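Q: this is a predicted model, with the sequence first.
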Amino acid sequence: MFALGLVAAFAGAGAGRASADGGAPVNTAAPVISGILRAGQVLMVSSGWTGTEPIYYTYQWQRCDASGANCAGIAGAAGQSYVLAAADVAATIRVLVTATNPGGSTSAFSSLTALVAAPPAGPTSRVAPSLTGSAVVGSTLAVGNGVWVGDLPIAYVYQWQRCTRSGVCQDIPQATAASYKLVAADSGRQVRARVNATNTVSSDNALSNTSDIVTGGPNAPVNTALPVIGGNAGIGQPLNVSTGTWRGAAPPFTFLFQWQRCNESGSSCADIAGATAKSYTPVSGDSGKRLGALVTALTSDGAERIRSSLSEIVAGTPTTPANTRPPVVSGLVEVGQTLNATSGSWTGTEPLAYTYRWRRCTGPATCADIPSASGRAYLLDAGDRGATVQVVVTATNAAGSMSATSARSAVVATTVSSAEIVLGNGLTSVPASALTAPDRLLIDRVQTMRSRGSFTVRFRVSDLMGRVVRDALVYVLALPAGTIAREPELPTGLDGWVSFRLIPTARLTLQGGSLTLFVRARKQGEDLRAGISNRRLVQVRLGVGR
């Protein structure tokens with residue numbers, strides 16, 4: 001509040017001088033402005049004059065800038081008093097008084113006033129109050145007043161509130177200080193503070209931001225197994241987080257998620273704005289970082305929050321596949337035998353998909369693709385006799401494709417006269433074509449190898465005499481159907497084994513549990529409903545591999 005002030009000056013600009021013969025009035029005391037220097041208030045001017053009566057007075061109020069320069073007359077301001085207007089705020093004021101009698105006229109200026117203030121103002125919030133502190137039972141939150149404008153002094157009082165997730169808030173009894181210690185009743189809720197500001201003009205209030213969901217307390221859920229990040233850590237490749245395992249006094253649980261971006265060591269993490277779903281797709285800003293998620297388990301009695309495992313370092317811009325070790329062809333190089341190819345070793349942004357193309361070579365520089373030979377295995381036929389074969393493997397990802405070619409095989413020979421072959425491990429290998437009923441094909445061994453984004457299952461086929469069976473055709477189907485990408489029927493190798501690299505579809509994630517596989521082994525050309533074919537259900541345990 002500006003106090004009443006009298007602004008005096010002794011500037012007698014243009015002051016006249018009395019003459020013996022009764023000339024114009026003479027100013028004896030410079031004009032003085034009095035009143036409150038605030039918009040809406042009334043200013044008055046008074047001054048002293050001598051001279052022959054009657055003396056008449058006129059006035060012209062002027063507005064000047066803050067330094068007292070650039071003065072200009074105020075339209076209509078021609079009385080002894082003047083009501084300060086909004087245009088006068090932050091300006092200075094002066095007045096020109098002119099005295100007139102029969103002998104003439106004389107003028108005098110007042111001195112400049114101080115700056116004119118704005119009208120009386122109640123408190124108004126310009127920056128909302130804000131909370132500091134951790135939203136954990138037993139911790140203390142504090143509220144800052146924010147920024148207020150209005151006449152000083154301004155006094156503040158506080159009221160803390162407890163809110164549900166739906167936004168219904170109620171005052172917390174006796175929580176009226178600038179800080180508040182969270183109690184068990186706050187677990188699973190959010191809190192905020194209402195700040196009331198008062199001055200001599202009026203009162204107003206403003207709400208702070210709402211805290212995170214308060215965690216902890218005696219009834220909060222307890223985590224017994226950490227949430228786990230699943231998926232390939234690459235830009236544009238979705239990651240997901242499990243909920244982990246929890247126990248608590250009042251299930252069911254509601255789960256909330258907040259993804260975080262961490263440094264390479266995982267020691268410094270920050271929330272990713274808007275990333276509050278169960279899955280998250282890394283963006284360019286995540287390159288070179290690890291990702292994790294805060295998982296909040298919420299019940300009607302309380303809440304608890306825990307950080308998941310961290311992802312691998314996120315790969316940057318997808319890179320084209322590059323071969324670091326060429327494919328290898330293995331198997332008995334004889335007509336009627338099956339050759340198998342590895343994919344070789346590759347670098348590049350995962351996932352990588354592989355295709356195979358077999359070629360027949362009849363001269364040092366003469367090789368041609370073999371029609372329909374596009375699997376990982378190839379059955380040598382009479383057209384291969386006397387030639388060599390090789391495989392071309394193409395790796396493809398989001399950035400592009402690259403191919404690598406194996407070394408050539410040995411020259412393809414004719415089939416050995418005996419169907420049975422004694423292997424180096426002492427087992428006997430027999431071709432499926434040599435078996436007839438009542439013999440049966442048995443799927444007697446299963447091996448599973450998990451890797452990131454896929455898993456490999458190997459099956460061994462044998463007969464009732466314990467011999468391993470080569471060239472048996474094996475087919476795999478996941479139950480329920482559609483949970484893995486469809487795989488072609490593949491033949492067993494010389495050792496009776498055949499491998500399938502199974503890639504999950506969107507309906508299946510590798511995060512625990514099991515998957516049932518329907519496996520069928522048959523003899524080529526044989527009716528599936530008879531003969532020596534056989535079937536088996538295999539249960540495969542799933543998990544996240546590295």
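A: Received, thanks. Numbers count the residues shown, from 1 in each chain.

Q: right, and the helix or strand after the worst-scoring helix or strand of the chain on mean pLDDT?
A: Lowest by mean pLDDT, DSSP states H and E among the helices and strands of the chain is strand 5-7, with a mean of 32. Sequence-wise, the next helix or strand downstream of strand 5-7 (DSSP states H and E) is strand 26-35.

Q: and after that next one, which helix or strand comes next?
A: Downstream of strand 26-35, the next assigned helix or strand under DSSP H and E is strand 42-50.

Q: who are the packing partners of that following strand?
A: strand 26-35, strand 56-64, strand 81-83, strand 92-101 (3 or more Cβ pairs under 8 Å, 6 or more residues apart in numbering; DSSP states H and E). For the C-beta atoms, the positions are set from N, CA and C on the backbone; glycine is no exception.

Q: give me the distance from the third one to the chain's centre.
A: Centroid separation for strand 81-83 versus its chain: 61 Å, with Cα atoms, centre = their mean, to the nearest Å.

Q: likewise for stretch 384-393?
A: 51 Å.

Q: end to end on that stretch, go ahead and measure it.
A: 20 Å (Cα to Cα, to the nearest Å).

Q: list the contacts of it.
A: For stretch 384-393, the external contacting residues (Cβ atoms under 8 Å, 6 or more residues apart in numbering) are 327, 329, 333, 335, 339, 341, 343-344, 354-362, 367, 370, 378, 380, 403-414.

Q: if any of these are buried, put those into a ChimeraX selection.
A: Entered in ChimeraX, the line below selects the buried ones among the contacts of stretch 384-393, by 16 or more other Cβ atoms under 10 Å:
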select :327,329,333,335,339,341,343,344,354,356,357,358,359,360,361,367,370,378,380,404,405,406,408,409,412
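
Q: in strands, which of the contacts of stretch 384-393 appear?
A: Judged by DSSP state E, the contacts of stretch 384-393 include 329, 339, 341, 354-362, 367, 378, 403-405 as members of strands.

Q: circling back to that earlier point, got JSON lines for the helices and strands packed on strand 42-50, with mean pLDDT, distance to Arg541 and mean neighbour count too?
A: What follows is these, written out as JSON lines (pLDDT from 0 to 100; distance: least, Cβ to Cβ, whole Å; neighbours: other Cβ atoms under 10 Å):
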{"stretch": "strand 26-35", "mean pLDDT": "95", "distance to Arg541": "90", "mean neighbour count": "19"}
{"stretch": "strand 56-64", "mean pLDDT": "96", "distance to Arg541": "87", "mean neighbour count": "17"}
{"stretch": "strand 81-83", "mean pLDDT": "95", "distance to Arg541": "88", "mean neighbour count": "16"}
{"stretch": "strand 92-101", "mean pLDDT": "96", "distance to Arg541": "86", "mean neighbour count": "21"}
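
Q: okay, those strands in TSV with distance to Ala128 next?
A: Below are the helices and strands packed on strand 42-50 laid out as TSV (distance: least, Cβ to Cβ, whole Å):
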stretch	distance to Ala128
strand 26-35	37
strand 56-64	37
strand 81-83	36
strand 92-101	36
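
Q: any idea how far stretch 264-278 is from the chain center?
A: Worked out by Cα atoms, centre = their mean, stretch 264-278 lies 7 Å from the chain centre.

Q: what's the model's confidence in that stretch, averaged?
A: Averaged over stretch 264-278, pLDDT sits at 91.

Q: next one: stretch 303-312
A: Per-region confidence: stretch 303-312 scores 93 on mean pLDDT.

Q: from the chain's centre, how far out does it sit?
A: Its chain's C-alpha centre and that of stretch 303-312 lie 14 Å apart, by Cα atoms, centre = their mean.

Q: one more: stretch 387-395?
A: The chain centroid and the centroid of stretch 387-395 are separated by 44 Å, computed with Cα atoms, centre = their mean.

Q: how about it, which residues are buried there?
A: 387-393, 395.

Q: repeat that for stretch 260-268.
A: Quick answer for stretch 260-268 (16+ other Cβ under 10 Å): 260-262, 266.

Q: Arg307: which of those residues is nearest?
A: Nearest to Arg307, judged by Cβ to Cβ, of the buried residues of stretch 260-268 is Gln260 at 7.5 Å.

Q: residues in contact with that closest one?
A: Counted by Cβ under 8 Å, 6+ apart, Gln260 has contacts 269-272, 291-294, 307.

Q: tell me which entries of the residues you listed lie within helices.
A: Within the contacts of Gln260, no residue falls in helices by DSSP state H.

Q: quick check, nearest of those to Ala155?
A: So of the contacts of Gln260, ranked by how close each gets to Ala155 (Cβ to Cβ), first place is Asp271, at 35.8 Å.

Q: end-to-end on stretch 143-150?
A: The straight-line separation of the ends of stretch 143-150 (Cα to Cα) is 20 Å.

Q: now distance to Asp444 too, for the buried residues of stretch 260-268, in CSV please.
A: Shown next, in CSV, are the buried residues of stretch 260-268 (distance: Cβ to Cβ, whole Å):
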residue, distance to Asp444
Gln260, 48
Arg261, 49
Cys262, 47
Gly266, 45
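
Q: in these, find the pair that's most separated.
A: Among those, the pair separated by the greatest distance (Cβ to Cβ) is Arg261 and Gly266, at 10.8 Å.

Q: what touches both of the two?
A: Both Arg261 and Gly266 are contacted by Arg290, under the criterion Cβ under 8 Å, 6+ apart.

Q: past the helix or strand encompassing Trp160, which element shows up next along the chain?
A: Here Trp160, judged by DSSP H and E, is contained in strand 155-163. Using DSSP H and E, the helix or strand that follows strand 155-163 in sequence is strand 169-171.

Q: so, low pLDDT: which residues of this structure?
A: 1-21, 249-250, 350, 414-418, 453, 506-513, 542-546 (pLDDT under 70).

Q: now do the strands in the stretch 151-300 of the chain.
A: 155-163, 169-171, 179-181, 190-198, 203-207, 222-225, 229-230, 239-241, 245-247, 254-262, 269-271, 279-280, 290-298 (DSSP state E, counting those that start in this stretch).

Q: starting at the chain centroid, how far to the third one?
A: Using Cα atoms, centre = their mean, we find the averaged C-alpha position of strand 179-181 to lie 30 Å away from the chain's own average C-alpha position.

Q: next: the first one.
A: The offset between the C-alpha centroid of strand 155-163 and the centroid of the whole chain comes to 32 Å, using Cα atoms, centre = their mean.

Q: can you check the fifth one too?
A: Averaged C-alpha coordinates place strand 203-207 at 33 Å from its chain's average position (Cα atoms, centre = their mean).
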